[in-house]
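Colleague: my questions are about this predicted structure, shown below with the sequence.
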Amino acid sequence: MILDFINYAINGALLGLLYALIAMGFVVIYRASKVFNFAQGELVVLGGFLQWWMVVNIGLPMYVGIPLAFVLAGVLGLLIERIFFARLVGESVFAMVMVTIGLLVLLRGVVLLAFGPQVRPFPIVFPLQPLVIGELMIPTNLLWGGVLTVLAAVGMSWFFNRTRTGLTMTAVAEDHQVALSMGISVKRSIAFAWVLGCVLSTLGAVVYLSGKSLNFLASDIGFAALPVALLAGLESIGGLLLAGVIVGVIQGLATAYLDPLVGGAVGSVLPFVIMLLILLVRPTGLFGWRTIERV
Amino acid sequence: MDPAGVFAVRYSQDRALLRTRKQWLALAVFLIALAVLPLAVGPRLIAVANIMLISAIVVVGLQICTGYAGQVNLGQAAFMGVGAYTAAVLAEKTGMSFLLAIPLSGVAAAGFGFVFGLSAARIKGFYLALTTIAAQFVFHFAVLNLPGSWLGGSNGATVPPATLFGYRIASDTSLYYLCLVSAVIMICGAFGIVRSRYGRAFVAVRDDDVAAGIMGINVVATKATAFLVGAFYAGVGGALWAYMLRFVAVDQFTLFNSVFFIAMIIVGGMGSVTGALIGVFVIRAIQELISTLGPELAVILPFLGGDIVFATMNVFLGGTIALFLIVEPKGLMHRWNIIKAGYRLWPFPY
């Protein structure tokens, strides 16, 4: 009984870390460009399809195909910036966010046109057998995903808070006008944000999809990861880990214990309820920046 | 700007929306054309026109909330769904007349929207937009998990046809008149709202909410009102939708539909009721065109099968949103106003 509980909690926490990894895509783009990226889920799907294309369709060995997919994802991010956002520097942030809504729709169409609506098998990157410790069963892909998430979070956190390049990007996230007048290239920052966002999404796709099937509907994970990003506060990368674990554990336990009582789906809606409650108490999330507004 | 030679000499003239006899004439001709449309075109196009009119109501509501009050609302489809389900329940369970059921659906949706608008008390900016996504998920969850005898769960709910004095409003043509009359009433209301005290407060909050607060506008109440009004429109549209399809299911009101509505106001032009109508017409017309051409596209690209319409629509819609934001961020309405001003000023530059 208690073992079951621990098992659900650990699995939930690891799932939460996966959400944190996906949410890191949001946060990195936000931290370097002040743009909230609604198309996050589509980036994950696109990253997944790039890997499927390289490994399954072309038949490259995994250790060549997957790094190549990461490179392509980076190129894609650069392309997105060149086509859409480079022209919008100096326009309102509102317009940029609206463009990401357009991107959400556009990328879904592009994925359908390029790869079709069929369900595709995703390469098995992590072994399928769960790791068994005593009576605890831990899915291997989520375990590796958790490790990768922590590494990525530490790396990104260091980059944005400690390096010169990262700090200039943080300035862009505070205010485009001010950053421009300080001599910081908003354009380069946004380009970097999208490259990084696409690469992180592709990493998320590896963890999320390893050994599963893939079609365009996998993009739902983008919105499922939203509560984690908001709970952490959109500016905080390290906070994602804690927020991910909180949301994941609550979701895991709710799915295990509440779903049978109510008849399903509590687990999937509860994160949004938590998100709403936390935002009402603490609007900037747990670790978000508190801004002072002037007119 | 008025045409040359038209000057307001009374306040009532200054406030009027239609200022010249020709404008009245144009409006009358337009309305008469809409009224006799069923005589001129086939049932297929009337069905499309019904969808356009319903979308027009929903999108005008979104225009008030997003275009005027500046509150990005990604839950408009959920608000519409609340209206549709309310109409379904009222019509099926209580046998209420549609004359009462449609406004009540609007009220129900407005209540739901107001709850999410109230979070404006604490949450600002894009965080607020994101909570409206939560509205979308809460709506789906509630419909699917409430007892099946209430809302029909995943099977959806059937709706009896609307009847007026024993006459069943079930054919496309009779539904067309129902939608047309509702749309005209709602759009007149929208023109009233946006130039009232509330409408000016919306615009002030959109342009700068801190400054608006300092000027004495209750910012939180204004944002919540914007959601209330927008959701009311969505609810009325949803009720009409329920009477049109006579069947409501939860997957008719997805986040994707909300994005569609946003696309319509971007294309038409933010902050203009007429712009919203233009956006609805353009996007729905092109959607219809693509689904008509779909089978032929499927012949050219056979590997896509039946999903070609959906895929092409997405590429088109996403491309359009991005293109408009980059090239014409103020929408088609703005371009039209430039052309109109140029015509009135000709041959002078300004």
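Modeller: All right, it came through fine. Residues are numbered from 1 along each chain as shown, chains lettered A, B, ... in the order given.
Colleague: quick one: find the helix or strand in chain B with the lowest mean pLDDT.
Modeller: With mean pLDDT, DSSP states H and E as the measure, the helix or strand of chain B carrying the lowest mean pLDDT is helix B:148-151 (a mean of 74).
Colleague: ok, and what's touching the helix or strand harbouring residue A:141?
Modeller: With secondary structure defined by DSSP states H and E, residue A:141 is part of helix A:140-162. Residues lying outside helix A:140-162 but in contact with it, judged by C-beta atoms under 8 Å, 6 or more residues apart in numbering or on different chains, are A:11, A:13-15, A:17-18, A:20-21, A:24, A:28, A:31-32, A:125-131, A:165-167, A:169-170, A:200, A:203, A:207-208, A:210-211, A:237-238, A:240-241, A:244. Heads up, the C-betas are built off the backbone N, CA and C, glycines and all.
Colleague: residue B:113 falls within a helix, correct?
Modeller: Yes - assessed with DSSP: H, G, I helix; E, B strand; the rest coil, residue B:113 lies in a helix.
Colleague: quick one: contacts for the residue nearest the centre of chain B?
Modeller: The central residue of chain B, meaning the one whose C-alpha is nearest the mean C-alpha position (C-alpha atoms, centre = their mean), is residue B:59 at 1.6 Å. Contact criterion C-beta under 8 Å, 6+ apart gives B:261, B:264-265, B:268, B:276-277, B:279-280 as the residues in contact with residue B:59.
Colleague: from the chain's centre, how far out does the helix holding residue A:141 sit?
Modeller: Put simply, helix A:140-162 sits 12 Å off its chain's centre (C-alpha atoms, centre = their mean, to the nearest Å).
Colleague: in stretch A:110-126, what's buried?
Modeller: Neighbour counts over stretch A:110-126 (16 or more other C-beta atoms under 10 Å in any protein chain shown) mark A:110-113, A:115-117, A:120, A:122-123, A:125-126 as buried.
Colleague: find me the pLDDT at residue A:293, would you?
Modeller: Looking at residue A:293, its pLDDT reads 66.
Colleague: meant to ask about residue B:305, not that
Modeller: Among the per-residue scores, residue B:305 shows a pLDDT of 60.
Colleague: in three-state terms, label residue A:289 for me.
Modeller: On the basis of three-state DSSP, residue A:289 is classed as coil.
Colleague: against chain B, how distant is it?
Modeller: Here the distance between residue A:289 and chain B works out to 12 Å (C-beta to the nearest C-beta, to the nearest Å).
Colleague: now that residue. Its backbone dihedrals?
Modeller: phi -80, psi 140 (degrees, to the nearest 10).
Colleague: mind picking the two most distant members of the buried residues of stretch A:110-126?
Modeller: Greatest spatial distance in the buried residues of stretch A:110-126: A:113 and A:126, 30.2 Å, computed using C-beta to C-beta.
Colleague: just the buried residues of stretch A:110-126: which are in helices?
Modeller: A:110-113, A:115 (DSSP state H).
Colleague: residues of the stretch 1-150 of chain B that sit close to chain A?
Modeller: B:72, B:119, B:121-124, B:126-127, B:130-131, B:133-134, B:137-138, B:140-141, B:144-145 (C-beta under 8 Å from any C-beta of the partner chain).
Colleague: try 10 Å
Modeller: Where proximity means C-beta under 10 Å from any C-beta of the partner chain, the interface of the stretch 1-150 of chain B facing chain A comprises B:66, B:70, B:72, B:74, B:115-116, B:118-119, B:121-131, B:133-142, B:144-145, B:147-148.
Colleague: among these, name the ones in helices.
Modeller: Of those, the ones assigned to helices by DSSP H are B:115-116, B:118, B:125-131, B:133-142, B:144-145, B:148.
Colleague: which of those residues are buried?
Modeller: Neighbour-count burial (16+ other C-beta under 10 Å) applied to these gives B:115-116, B:118, B:125-131, B:133-142, B:144-145.
Colleague: quick one: the strands in the chain?
Modeller: By default, I'm working from chain A. Across chain A, reading from the start of the chain, the strands by DSSP state E fall at A:120-121, A:131-133, A:136-138, A:213-214.
Colleague: the chain in question should be chain B.
Modeller: Along chain B, counting by DSSP E, strands occupy B:157-158, B:162-164, B:167-169, B:247-248.
Colleague: who's in contact with the first one?
Modeller: Yep, that's strand B:157-158 we're talking about. Residues outside strand B:157-158 that contact it (C-beta atoms under 10 Å, 6 or more residues apart in numbering or on different chains) are B:84-85, B:87-89, B:91-93, B:143, B:148, B:150-152, B:242, B:245-250.
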